[in-house]
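# Sequence first, predicted coordinates after that:
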Amino acid sequence: ACSSAQKNSDFLECLTIQFQSSNSAPDGVIYTPRNASYASLLLAFNQRLAPTPSERPELIITPFHESEIQAAVYCSRKLGMQIRVRSGGHDYEGLSYNSENPFVIVDMRNIRSISIDNDEKSAWVQVGATLGQLYHTLARKSKTLAFTAGVCPPVGVGGHFSGGGYGMMSRKHALASDNIIDAKLINANGQVLDRKSMGEDLFWVIRGGGGTSFGIVLAFKLKLVIVPEIVTVFNVSRTLEQNATQLVHKWQYIADKVDENLLLRLFLRSVRSPIHGNRTIQASFTTLFLGRVHNLLPIMQDSFPELGLVEQDCIEMSWIESTLFFAGLRNESLDVLLIRTPQTGIYFKGKSDYVRQPIPIQGLRGIWRFLNQEDENRAELQFSPYGGVLNTFSESETPFPHRSGNIFMIHYGIVWTRGGSAESERHINWIRRLYSYMGRYVSRSPRAAYFNYRDLDLGRNAGRNTTYEQASVWGFRYFKNNFNRLVRVKSMVDPSNFFRNEQSIPPVSSS
Ligand code: FDA
């Protein structure tokens, strides 16, 4: 504890000197555990991973200027303190605010401006902005300029865009990371680089390989997308008594092949039936169509008549209203998109899979049995369809390799609200057993996973000297063969492994 206190005060002194030399004021930027705001700054999205007093960061730095981040990098290197970078704080395993080693958090919440170029149809977005802020800013500027990214408004641009970013327009416009055309980043030497000065290798890795192994991303330049002034949404639910098993089975044959303007996402959970009061499975088909209802109905009739979609199920609205609809914020004012505090106090564990062959009926029934074992409404599976424009990218175009051949991605999620260790163990065991059961139905060699749904069950690094072999255990699952290029770039840009965490790309020594 004594040496940690010493390190802390050395770090503070180092930062103060650095700040003075760049005329920055430490007030409102540097927080120690003695500051009143420290605890609220540390609030975690996932209570399962909230740091205990012995795991808390020595300091939280909330920079306003890049010189303050450069100072943090300089002092961390000098004093051997780890940096965790946090943009929106939604990391599934808390890697942006948690570490077993002495560390500081660089929290990007104040670096969040957005500037839109209407003519070029592009935008510079700083990483501390949230998805909600980006959507809100776009909607104020134009009715038809939009961006393709995730559905949860408080998710941060920094983590989400550098790790992929799947959303309701991904079959038409791909991932957030596929639409990045420039970036600004601070490297391990504290230099500020843009696309030109960082070079194409480094620019490639931060579009799906996660920024965190390579530097601190400051901002991304985005190619915006054009949406119709009116889009159509629906959310139609069916229970087992309403043929849900056959509908989910059929969905797998059409979800990746239908018109790319149509994205039918599927949510599965166990609920109590309003009719007989027993548990049943509810399949909710949550859909965005980039067009009007009269164009949607014939497509649905043609490809998925079994769902029995009728015009009354559909709602026409603007794209920005659809972002509220999918976030479960219907009828709220647009300003709700600007709320950046994530829901806190929940315990959560998530995992992912990719499906390349439809799951047979008997496999779906096995999933229903698992869902019924958990408390109702706690567990949820999301089936997110691929296909469309995602198929037009080669596996190596960006680090995100899950392209042609994938029908859909599965997201497994379990949420609970009491954190006793027996309670947590029960839920985590449940999701691990389900994952093990699913092995026979999903991608193999490697069993692929989505980096933004980070899962330390897949493997974790052994510290600064993690080898290529150790990291391969999880690395090939997120990145397939792109893992090798990620390691090559890491070895070039950060050979001392300054930027590291439990699942960062390791460098290999050239000797
Ligand atoms: P956070 O700040 O925790 O960062 C995540 C990781 O990126 C950490 O390792 C962090 O160090 C690193 N990082 C952050 N900023 C960085 C920077 N500026 N430079 C370098 N490294 C940086 N995904 C999806 O594809 N579609 C979806 O719809 C959703 N929806 C969703 C809802 C909810 C409630 C959650 C919790 C998560 C999702 N996600 C998602 C997953 C989400 O994309 C993923 O958790 C992102 O990494 C979150 O980014 P944040 O910036 O919020 O996280």
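Good, I have the coordinates.

# For the lengthiest helix in the chain, name the packing helices and strands.
Criterion DSSP state H: the longest helix present in the chain is helix 2-21. Packing partners of helix 2-21 (3 or more Cβ pairs under 8 Å, 6 or more residues apart in numbering; DSSP states H and E): strand 59-61, helix 66-79. The C-beta positions use only the backbone N, C-alpha and C, and glycine is treated the same way.

# Of all these, which one comes closest to Leu364?
Taking Cβ to Cβ, strand 59-61 is the member of the helices and strands packed on helix 2-21 nearest to Leu364, at 45.5 Å.

# Now name the helix or strand holding the residue lying closest to Phe64 once chain neighbours are set aside.
Leaving aside its sequence neighbours, Phe64 sits nearest to Asn110 (Cβ to Cβ, 6 or more residues apart in numbering; 4.9 Å). Following DSSP states H and E, one finds Asn110 outside all helices and strands.

# With Asn429 instead?
helix 421-438.

# Spell out whether stretch 105-122 and the ligand are in contact.
Yes: residues of stretch 105-122 are located near the ligand by Cβ under 6 Å from any ligand atom, namely Met108.

# Now that stretch: buried residues?
Neighbour counts over stretch 105-122 (16 or more other Cβ atoms under 10 Å) mark 105-109, 111-112, 114, 116, 122 as buried.

# again, but for stretch 172-185
Applying 16+ other Cβ under 10 Å to stretch 172-185 flags 172-180, 182-185 as buried.

# got those residues as JSON lines, with pLDDT, secondary structure and distance to the ligand columns?
Conversion of the buried residues of stretch 172-185 to JSON lines gives the following (pLDDT from 0 to 100; DSSP: H, G, I helix; E, B strand; the rest coil; distance: Cβ to the nearest ligand atom, whole Å):
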{"residue": "Lys172", "pLDDT": "98", "secondary structure": "helix", "distance to the ligand": "15"}
{"residue": "His173", "pLDDT": "98", "secondary structure": "helix", "distance to the ligand": "13"}
{"residue": "Ala174", "pLDDT": "98", "secondary structure": "coil", "distance to the ligand": "12"}
{"residue": "Leu175", "pLDDT": "98", "secondary structure": "coil", "distance to the ligand": "7"}
{"residue": "Ala176", "pLDDT": "98", "secondary structure": "coil", "distance to the ligand": "8"}
{"residue": "Ser177", "pLDDT": "98", "secondary structure": "helix", "distance to the ligand": "9"}
{"residue": "Asp178", "pLDDT": "98", "secondary structure": "helix", "distance to the ligand": "12"}
{"residue": "Asn179", "pLDDT": "98", "secondary structure": "helix", "distance to the ligand": "13"}
{"residue": "Ile180", "pLDDT": "98", "secondary structure": "strand", "distance to the ligand": "13"}
{"residue": "Asp182", "pLDDT": "98", "secondary structure": "strand", "distance to the ligand": "15"}
{"residue": "Ala183", "pLDDT": "98", "secondary structure": "strand", "distance to the ligand": "10"}
{"residue": "Lys184", "pLDDT": "98", "secondary structure": "strand", "distance to the ligand": "10"}
{"residue": "Leu185", "pLDDT": "98", "secondary structure": "strand", "distance to the ligand": "7"}
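
# Looking at those residues, which is nearest Arg447?
Closest to Arg447, out of all of the buried residues of stretch 172-185 and judged by Cβ to Cβ, is Leu175, at 20.7 Å.

# Now whichever residue of the stretch 401-511 of the chain sits closest to the ligand. Its backbone dihedrals?
Of all residues in the stretch 401-511 of the chain, Asn452 sits closest to the ligand, at 3.7 Å by Cβ to the nearest ligand atom. Main-chain dihedrals, Asn452, degrees, to the nearest 10: phi -70, psi -20.

# Double-check it against Gly167; I have them as touching.
No: under the criterion of Cβ atoms under 8 Å, Asn452 makes no contact with Gly167, lying 11.2 Å away.

# The two: which is more packed in?
Asn452 (28 against 23; other Cβ atoms under 10 Å).

# quick one: the closest residue to the more buried one other than its chain neighbours and the ligand, what's the gap?
Nearest non-adjacent residue to Asn452, counting by Cβ to Cβ, 6+ apart: Gly163, 4.0 Å away. Look at Gly163 and the ligand: by Cβ to the nearest ligand atom, to the nearest Å, they are 5 Å apart.

# For Gly163, list the residues it contacts.
177, 208-210, 451-452 (Cβ atoms under 8 Å, 6 or more residues apart in numbering).

# at 10 Å what do you get?
91, 175-177, 206-212, 399-400, 450-454, 478 (Cβ atoms under 10 Å, 6 or more residues apart in numbering).

# sorry, back to before: just checking, what packs against the helix or strand just after the helix holding Asn429?
Next in sequence after helix 421-438, counting helices and strands by DSSP H and E, comes helix 468-479. Judged by 3 or more Cβ pairs under 10 Å, 6 or more residues apart in numbering; DSSP states H and E, helix 468-479 is in contact with strand 347-355, helix 482-493.

# For Ser170, grab phi and psi.
phi -70, psi -20.

# still on that earlier bit, between the buried residues of stretch 172-185, which is nearest Glu55?
Among the buried residues of stretch 172-185, and counting by Cβ to Cβ, the member closest to Glu55 is Leu185, at 27.8 Å.

# roughly how far apart are the closest one and Val225?
Leu185 sits 24 Å away from Val225, going by Cβ to Cβ, to the nearest Å.
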